[in-house]
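**Student:** Attaching a predicted model along with its sequence, questions to come.
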Amino acid sequence: MVGADGRVYVFFGYSSSPNNDIGYSTRIEAYGPTLDVSPTAGPRGLTAKLTGDNFAANAQVKLYWGHPDGGQLLKTTTSSATGTFTNVSVVVPATGNGPFFAVDSRARYPAFIPFTVQ
């Protein structure tokens, strides 16, 4: 299942009946990168900090304002050996609408985080 955050969710479990009609999930795992922003709202021109996790290791990560297809490229950073980057400064552009997107050069699986322009 793909969640509202764009990540893939996998449910693990079992059925306790002979007909497999009664059961429950015992574990849920999420796959794909995550992106956080601080603060989550502010005026155009504000410097925000982006933090990412679960990207490909040692990969270039492009940070966009708006969708990567047609959005504004703000900055390129490099993920760590564990696929993270922390507190990368970006300026909220004077035009366009978010959210912020991040896409690495290896897995190319996008992550996004909403930002409210005030």
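**Tutor:** Nice, I can see it.
**Student:** Now Phe115: closest residue in space, sequence neighbours ignored.
**Tutor:** Gly98 (4.2 Å; Cβ to Cβ, 6 or more residues apart in numbering). In short, each C-beta sits where N, CA and C put it, glycine included.
**Student:** check contacts around that neighbour.
**Tutor:** The contact partners of Gly98, by Cβ atoms under 8 Å, 6 or more residues apart in numbering, come to 65-66, 92, 114-115, 117.
**Student:** Looking at pLDDT only, which of those residues scores worst?
**Tutor:** Ranked by pLDDT, the contacts of Gly98 bottom out at Gly66 (90).
**Student:** count of neighbours near that residue?
**Tutor:** Gly66 has 19 neighbouring residues, counting by other Cβ atoms under 10 Å.
**Student:** before we move on, the earlier item: and the contacts of Gly98, which are buried?
**Tutor:** With burial judged by 16 or more other Cβ atoms under 10 Å, the buried subset of these is 65-66, 92, 115.
**Student:** Filter those residues down to the ones in strands?
**Tutor:** Judged by DSSP state E, strands contain the following of the buried ones among the contacts of Gly98: Trp65.
**Student:** Out of the buried ones among the contacts of Gly98, give me the two with the largest separation.
**Tutor:** Gly66 and Val92 (11.4 Å; Cβ to Cβ).
**Student:** Tell me the secondary structure at Leu63.
**Tutor:** The three-state assignment at Leu63 reads strand, by DSSP: H, G, I helix; E, B strand; the rest coil.
**Student:** is it true that Pro68 touches Lys62?
**Tutor:** Yes. With contact defined as Cβ atoms under 8 Å, Pro68 counts as touching Lys62 (7.1 Å).
**Student:** and for the two, which residues touch both?
**Tutor:** Val103.
**Student:** Please say which of these two ends up with more neighbours.
**Tutor:** Using other Cβ under 10 Å as the criterion, Pro68 and Lys62 rank with Lys62 on top: 19 against 15.
**Student:** rewinding a little: any idea how far Pro114 is from the residue nearest to Phe115?
**Tutor:** Note on Gly98: its distance to Pro114, by Cβ to Cβ, to the nearest Å, is 6 Å.
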